[in-house]
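In: make a model of this:
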Amino acid sequence: MTLRTFIVVALIAVFSVIVAMTSLRHSPATGEKLLFPDLINKMNDISIFTIKSATGSMTARRSPRGWHLDEWDGYPADVSRIRAMVAEMVRAVLLESKTADVGRHALLDLADPAPAADSAESPAEGRGRELTLQDANGNVLAAIIIGRRRFDLGAGGEGVYVRRPGEAQTWLARTGLFPTTTTDIRGWVESTVMGLNSARLGQVTLRHPNGQIIRVTHPNNGTPTTGHPLPPNTPPNTKGDENARHRMFALLSHITLENVRKTKTHESQREATRAFLTTHDGLQINVTAYHRDGATWLALTANAALESPAAVHTEADTLRNRHHTWLYQIPSYIAAVFHTRPQDIR
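Out: You can find the predicted model right below:
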């Protein structure tokens, strides 16, 4: 077993311990009934985490390498978010029984989120969110449909209407399993692809497919300056080039994602825009931007200058190992940087 594998396995074990400790700190008062009284004893068996709604689903699976998302080609999930949801399931308390009338489930947002094809229920009625925990073999360890939130429990308390799948009985529960439980995959990953202090960047170079180059240098103390060959008869820029240069540094230093997929080996760079970022302490980041069907996708890799501090080499290794197999779709406001032309920041 490699050191990396050992660390990941240890972190997975810690996941169970933290959830158990969190649940114990929020143990129910005397006489209160847990929604899943045996779940705390099954923590080490949880391997599949699924949320379904009328509009989609999200599935995360645990492996020796951590938690990964089915819908995004096995991209790493945010383990802290999963841990928090599991902890809420462990410590959820039933406060009182509510309606068992199936016809009233929709009023509490507890109708099945994925109604059967022969059901008369319309998709608009299926507003419940079904959260399921399974073991590695697909056996259900715990499942719940999460409905409307309730705010009038007194002393600032909040509750949620819940129902076990396949049962007509509904309940009011005290739990943090709120209706904001989402199937939007972006809510289950670390959305920051790269985050640097913009003042740390020393130089940014953009290279367009037509060979046009823009180079902006940022001294440790001072205003970014532009150096690039301008096309003949370039009109003067009246938009405030200093702000444009600062904006370029700010947007490229903090890149977020909207979607992700595996990198294909045949990705062509002929029509791609390249960005080369260098920090004052020697971190070198190469970004390739592909513009397709109105969206921009990025590939990212990193290195460190030989004379850089050891911490910078470690940072480069971390960035390279995390990103080298992925393409990231980025928001349009960041993508705009890769369409910058020399006349825009003259």
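In: C-alpha only now, for contacts and for neighbours.
Out: Will do.
In: just the buried positions in stretch 145-153, please.
Out: 145, 146, 147, 148, 149 (16 or more other C-alpha atoms under 10 Å).
In: assign residue 182 to helix, strand or coil.
Out: coil (DSSP: H, G, I helix; E, B strand; the rest coil).
In: quick one: residues contacting the residue lying closest to it once chain neighbours are set aside.
Out: Nearest residue to residue 182 in three dimensions, chain neighbours excluded: residue 51, at 7.4 Å (C-alpha to C-alpha, 6 or more residues apart in numbering). Listed by C-alpha atoms under 8 Å, 6 or more residues apart in numbering, the contact set of residue 51 reads 57, 58, 59, 129, 130, 131, 132, 182, 183.
In: now do the second one: how many residues are near it, please.
Out: So that's residue 58. Residue 58 is flanked by 19 other residues according to other C-alpha atoms under 10 Å.
In: show me the beta-bridge partners of it.
Out: With DSSP bridges as the criterion, residue 58 is bridged to residue 51.
In: go ahead and confirm it touches residue 186.
Out: No. Counting by C-alpha atoms under 8 Å, residue 58 stays clear of residue 186, with 10.2 Å between them.
In: give the contact list for the spatially most central residue of the chain.
Out: For the chain, the residue nearest the mean C-alpha position is residue 189 (2.0 Å; C-alpha atoms, centre = their mean). By C-alpha under 8 Å, 6+ apart, the residues touching residue 189 are 76, 77, 78.
In: could you do residue 175 as well?
Out: So residue 175 contacts 88, 89, 91, 92, 93, 158, 159, 160 (C-alpha under 8 Å, 6+ apart).
In: rerun that using 7 Å as the cut-off
Out: For residue 175, the contact set (C-alpha atoms under 7 Å, 6 or more residues apart in numbering) comprises 88, 92, 93, 159, 160.
In: please apply the same query to residue 310.
Out: So residue 310 contacts nothing (C-alpha under 7 Å, 6+ apart).
In: make it 10 Å
Out: By C-alpha atoms under 10 Å, 6 or more residues apart in numbering, residue 310 lies in contact with 304, 316.
In: still on that earlier bit, from the buried residues of stretch 145-153, which ones fall inside strands?
Out: Cross-referencing these against strands under DSSP state E gives 145, 146, 147, 148, 149.
In: wait, doesn't residue 84 sit right on residue 188?
Out: No. Counting by C-alpha atoms under 10 Å, residue 188 is not a contact partner of residue 84; they are 11.5 Å apart.
In: so if I had to pick from those two, which one is more boxed in?
Out: residue 188 (21 against 16).
In: tell me how far that one lies from residue 92.
Out: The gap separating residue 188 from residue 92 is 21 Å, by C-alpha to C-alpha, to the nearest Å.
In: got phi/psi on the residue nearest to the centre of the chain?
Out: phi -130, psi 160 (degrees, to the nearest 10).
In: and stretch 290-304, average pLDDT?
Out: Averaged across stretch 290-304, the pLDDT comes to 93.
In: my error: substitute stretch 250-259 in the last question.
Out: Mean predicted lDDT for stretch 250-259 stands at 93.
In: stretch 79-89 now?
Out: Rounded mean pLDDT across stretch 79-89 is 92.
In: buried residues in it?
Out: Quick answer for stretch 79-89 (16+ other C-alpha under 10 Å): 79, 82, 84, 85, 86, 87, 88, 89.
In: quick one: residues contacting residue 150.
Out: 157, 158, 159, 160, 161, 172, 173, 174, 178.
In: which ones among those map onto strands?
Out: 159, 160, 161, 172, 173, 174.
In: count the neighbours of residue 317 for me.
Out: 15.
In: use 766 as the first number from now on
Out: Shifting the count to begin at 766 puts that one at residue 1082.
In: among the contacts of residue 816, which one has the most neighbours?
Out: Ranking the contacts of residue 816 using other C-alpha under 10 Å puts residue 894 first, with 32 neighbours.
In: how near is that one to residue 902?
Out: 23 Å.
In: and if you look at residue 985?
Out: Counting by C-alpha to C-alpha - residue 985 and residue 902 are separated by 56 Å.
In: between the two, which one's more packed in?
Out: Higher neighbour count among residue 985 and residue 902: residue 985, with 13 against 9, using other C-alpha under 10 Å.
In: doesn't residue 895 lie inside a strand?
Out: Yes. Membership of residue 895 in a strand is supported by three-state DSSP.
In: how about the residue nearest to it when sequence neighbours are not counted, what does it touch?
Out: Closest residue to residue 895 apart from its sequence neighbours, by C-alpha to C-alpha, 6+ apart: residue 910 at 4.2 Å. Counting by C-alpha under 10 Å, 6+ apart, residue 910 makes contact with 816-818, 874-878, 892-897, 926-931, 935, 942, 944.
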